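**Student:** Give me the fold of what follows.
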Amino acid sequence: MSTNRLTLRQSVALVWRTLRSMRTALILLLLLALASVAGSLIPQWPNSPERVAEYQLDHGLWGQFLDRAGLFDVFGSWWFVLITVLLFVSLVACLIPRTRALIRALRARPVQAREIDAFRHYGERTVAAPPSKALDGSARVLRRRFFRVARDPARPALAAEKGVLRELGSLLFHWAFILILVGVVFGKGTGFSGYAVVVEGDTWIDAAANYDGQIRTGRFFDGDFTGTGLRLREFESRFRETGQAMDFVSSVDVLNPDGSVIRQQDIRVNHPADVNGIRFYQINFGWAPVLTVRDADGVAFDDAVVMDRDPAPEGVPEFAMPWRGVIKLPGAGGTTFAGGNDLAIELELWPDSAGLANFLQTGQPTVMLRASNAVIRYTVWQGKLTSLATNRLDTSFMEETGRGLVGEERTDEIDSGGLDMTLGFPELRQYSVFQVSRDAGVPIVLLAAILILVGLLPALYTSRRKVWVRAEPSGDGAVLKVGGFALQRKPQFEDEFDRLLEALAAEAGGEASEPPPTNGQPTEEQQEVQTR
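**Tutor:** Residues are numbered from 1 along each chain as shown. Presented below is the predicted three-dimensional model:
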């Protein structure tokens, strides 16, 4: 008993026919969209490994299944790459035959029809001009209406068509969509995106170490950073009286790798700085008090501390909350506490001292849009530091040994566990958070977006039309026979065809009310009158 098995060639042909189907392309596009949604809802290893680890601990077996399925790294999984490649192949396979057909249509002349009176749109007009001149006038009218015209050399007939731009626009739209995918893959694959926190007066350099791990690189990124510098001269924020933000401006010096100034620029929201192929976007800001910690051996700490704002409870304005930070001094504790001699100072900044006073008196937060006599409440912890992360303090192995308050431009003696230390608050600065990104695919995506718009215009304002004109002798004039056919927007072609028919007749000398005699012989109507 024989079985019908597909050969390798037949199998490849079947797969190719399947990929050439527009339905297949739409299905692959839907799968790609669903995968992108999954990548947005489920935490991803490249973005937040801590959240992925926490998710796995909380969900047990389900977390293991998601990990094996590659859903914690959707955009880098083999199946996502496979869907993307198949989508590319399917779109190209669909567009190549259509492109070839369009090229053939552009190179070919409009085809003459055998019987034009069988078309739905058909009309006749008796005109004063002879057949040759009537056809010449018809050709002029049709060309003015953007028809491509071909004349039949064997007989007085014209074939005309227009609307090829509609198919050209459709193909341009789809090829531009592929170009967008190419630009996105190329740009994201070879670029990077990270965050830079820059305090007023400080300079930040585009180098791997300066991103503090807050960077996401493409899979094909070569690790070549530009060395471009950004010096934050001043940050300014403006608010309405209601607390609504009006403008955030970072005035910066853009620097070459050698430290020379390229230009001075203001960076605002949606107005990034673009230099050496990378862009700096203004996305956040905050306070960074300059603090000095001194002990018996000298200066233990002297730097600006980047502060984070507490999340505001429901119904409380966000700028009414204090800002928090921490100073960590490994080995600075003179006495062993909780199994270690590390020291940490937890900071609570109130930019406006009136806000702290009102909170202590009434318990109600006050919006603090400007700095005025800033104060810092601090708590001293001694013991063992579990992490040196900047703004995170784990006090599991530490003991609280003191509290205090220090005002701006003042110094406070730290009374904590017998420590001979002081905490100075000489200055309050601001900082800006910039999103730094390099995406070489942006020009490609921009070009593709322009091509998409250009491709949409013919689809909106053009339609496929075909018209045939024949001129037959009638006395000294001619009878124009016109047939038409519409491939799109057929109802609109009703009035359009009538207007075209009248224009053709007018160009041919106007419609003749009574045909003139032929060869000196009376017409049939004249013969009938004479008989009567």
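**Student:** give me the low-pLDDT residue ranges for the stretch 151-300 of the chain?
**Tutor:** Flagging of the stretch 151-300 of the chain using pLDDT under 70 yields the residue ranges 212-213, 241-243.
**Student:** Tell me which stretches of it form strands.
**Tutor:** With strands called from DSSP state E, counting those that start in this stretch, the stretch 151-300 of the chain shows them at 157-162, 192-199, 203-205, 215-217, 229-239, 245-255, 261-268, 273-275, 278-295, 298-304.
**Student:** I'd like the ones you listed as CSV, with distance to Ala503 and mean neighbour count appended.
**Tutor:** Quick note: C-beta positions are derived from backbone N, CA and C, even for glycine. Shown next, in CSV, are these (distance: least, CB to CB, whole Å; neighbours: other CB atoms under 10 Å):
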stretch, distance to Ala503, mean neighbour count
strand 157-162, 13, 22
strand 192-199, 59, 20
strand 203-205, 69, 18
strand 215-217, 62, 18
strand 229-239, 62, 17
strand 245-255, 58, 18
strand 261-268, 56, 14
strand 273-275, 53, 17
strand 278-295, 55, 19
strand 298-304, 78, 14
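**Student:** Out of the ones you listed, which gets nearest to Pro110?
**Tutor:** strand 157-162 (3.9 Å; CB to CB).
**Student:** May I have the strands that pair with the closest one, each with its orientation?
**Tutor:** The strands beside strand 157-162 in its sheet (DSSP bridges) come out as strand 148-151 (antiparallel), strand 465-474 (antiparallel).
**Student:** Export the ones you listed as TSV, with columns for distance to Arg438.
**Tutor:** Output for those, formatted as TSV (distance: least, CB to CB, whole Å):
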stretch	distance to Arg438
strand 148-151	47
strand 465-474	49
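**Student:** most packed of the ones you listed?
**Tutor:** strand 465-474 (a mean of 22; mean count of other CB atoms under 10 Å).
**Student:** ok, residues contacting that strand?
**Tutor:** 110, 112-113, 116, 119, 126, 130-132, 134-135, 138, 142, 147, 155-163, 478-487, 493, 496, 500, 504, 508, 512, 515 (CB atoms under 8 Å, 6 or more residues apart in numbering).
**Student:** ok so, going back, would you mind giving the strands of the stretch 151-300 of the chain as TSV with distance to Phe65 added?
**Tutor:** Output for the strands of the stretch 151-300 of the chain, formatted as TSV (distance: least, CB to CB, whole Å):
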stretch	distance to Phe65
strand 157-162	58
strand 192-199	29
strand 203-205	42
strand 215-217	25
strand 229-239	44
strand 245-255	43
strand 261-268	44
strand 273-275	43
strand 278-295	35
strand 298-304	46
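**Student:** And those strands: which comes nearest Asp412?
**Tutor:** Across the strands of the stretch 151-300 of the chain, closest to Asp412 is strand 278-295 (CB to CB), at 10.7 Å.
**Student:** Tell me where the protein has helices.
**Tutor:** For the chain, the helices defined by DSSP state H cover 8-19, 22-41, 49-59, 61-68, 78-107, 131-144, 164-190, 353-362, 442-461, 490-507, 524-531.
**Student:** Between those helices, which one is closest to Val252.
**Tutor:** Closest of the helices of the chain to Val252 is helix 442-461, at 21.1 Å (criterion: CB to CB).
**Student:** Quick check: buried residues in the closest one?
**Tutor:** 442, 444-445, 448, 451-452, 455, 458-459 (16 or more other CB atoms under 10 Å).
**Student:** Dump these to CSV, plus pLDDT.
**Tutor:** Formatted as CSV, the buried residues of helix 442-461 follow (pLDDT from 0 to 100):
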residue, pLDDT
Val442, 90
Ile444, 95
Val445, 94
Ala448, 95
Leu451, 95
Ile452, 93
Gly455, 92
Pro458, 88
Ala459, 80
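**Student:** Need those residues in TSV (columns: distance to Val185).
**Tutor:** Shown next, in TSV, are the buried residues of helix 442-461 (distance: CB to CB, whole Å):
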residue	distance to Val185
Val442	13
Ile444	10
Val445	11
Ala448	12
Leu451	17
Ile452	17
Gly455	21
Pro458	28
Ala459	27
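**Student:** Could you let me know which of the residues you listed ends up closest to Arg104?
**Tutor:** Using CB to CB, the buried residues of helix 442-461 come closest to Arg104 at Pro458, 18.6 Å.
**Student:** just checking, the closest one touches Arg166?
**Tutor:** Yes. At 5.0 Å, Pro458 counts as touching Arg166 under the criterion of CB atoms under 8 Å.
**Student:** correct me, but Thr331 touches Gln382?
**Tutor:** Not quite, residue 331 is Gly, not Thr. No. Gly331 lies out of contact with Gln382 (CB under 8 Å); the separation is 11.2 Å.
**Student:** which residues are common contacts for these two?
**Tutor:** Residues touching both Gly331 and Gln382 (CB under 8 Å, 6+ apart): 341-342.
**Student:** higher neighbour count, the two?
**Tutor:** Shown here are Gly331 and Gln382; by other CB atoms under 10 Å, Gln382 has more neighbours (25 against 10).
**Student:** ok, and the closest non-adjacent residue to that one?
**Tutor:** Leaving aside its sequence neighbours, Gln382 sits nearest to Phe337 (CB to CB, 6 or more residues apart in numbering; 3.9 Å).
**Student:** Identify the residues contacting stretch 344-352?
**Tutor:** With CB under 8 Å, 6+ apart, stretch 344-352 has contacts from 287, 289, 291, 293, 305, 307, 322-329, 356, 359, 366, 368, 370-382, 385, 393, 395, 398, 414, 423, 428.
**Student:** before we move on, what about stretch 192-201?
**Tutor:** Outside stretch 192-201, the residues that reach it (CB under 8 Å, 6+ apart) are 204, 210-211, 214-218, 221, 230-235, 250, 252, 280, 283, 288, 304, 306, 429-439.
**Student:** Quick one: distance of it to the chain centre.
**Tutor:** 22 Å (CA atoms, centre = their mean, to the nearest Å).
**Student:** again with stretch 144-156
**Tutor:** Remark: stretch 144-156 is offset 46 Å from the chain centroid, using CA atoms, centre = their mean.
**Student:** C-alpha coordinates for it, CSV please?
**Tutor:** Provided in CSV are the C-alpha atoms of stretch 144-156 (Å, rounded to 0.1, in the frame of the first residue of the first chain):
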residue,chain,number,x,y,z
ARG,A,144,-5.6,66.8,-18.5
ARG,A,145,-7.4,64.5,-16.2
PHE,A,146,-4.2,62.5,-15.6
PHE,A,147,-5.1,59.5,-17.8
ARG,A,148,-2.5,57.6,-19.6
VAL,A,149,-3.6,57.5,-23.3
ALA,A,150,-2.8,55.0,-26.1
ARG,A,151,-4.1,55.4,-29.6
ASP,A,152,-5.0,52.5,-31.8
PRO,A,153,-3.0,52.8,-35.1
ALA,A,154,-5.4,50.5,-37.0
ARG,A,155,-8.6,52.4,-36.2
PRO,A,156,-9.8,55.7,-34.7
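**Student:** can you list contacts of that stretch?
**Tutor:** The contact list for stretch 144-156 (CB under 8 Å, 6+ apart) reads 109-110, 112, 131-132, 134-135, 139, 142-143, 157-162, 164, 465, 467, 470-472, 500.
**Student:** repeat that for 6 Å
**Tutor:** 109-110, 112, 131, 135, 139, 142-143, 158-162, 471 (CB atoms under 6 Å, 6 or more residues apart in numbering).
**Student:** Just want the most central residue of the chain.
**Tutor:** Geometric centre of the chain, nearest residue: Val445, 8.4 Å, by CA atoms, centre = their mean.
**Student:** My guess is that one contacts Val185. True?
**Tutor:** No. Val445 is not in contact with Val185 according to CB atoms under 6 Å; the separation is 10.6 Å.
**Student:** How about Ala207, nearest residue that isn't a chain neighbour?
**Tutor:** Distances taken as CB to CB, 6+ apart place Phe225 nearest to Ala207, at 5.3 Å, with adjacent residues excluded.
**Student:** Domain-wise, how is the protein divided?
**Tutor:** Domain ranges of the chain: 8-104, 113-163+463-513, 192-438, per automatic domain parsing.
**Student:** so which of these gets nearest Ser170?
**Tutor:** domain 8-104 (8.1 Å).
**Student:** now the end-to-end length of that closest one.
**Tutor:** 32 Å (CA to CA, to the nearest Å).
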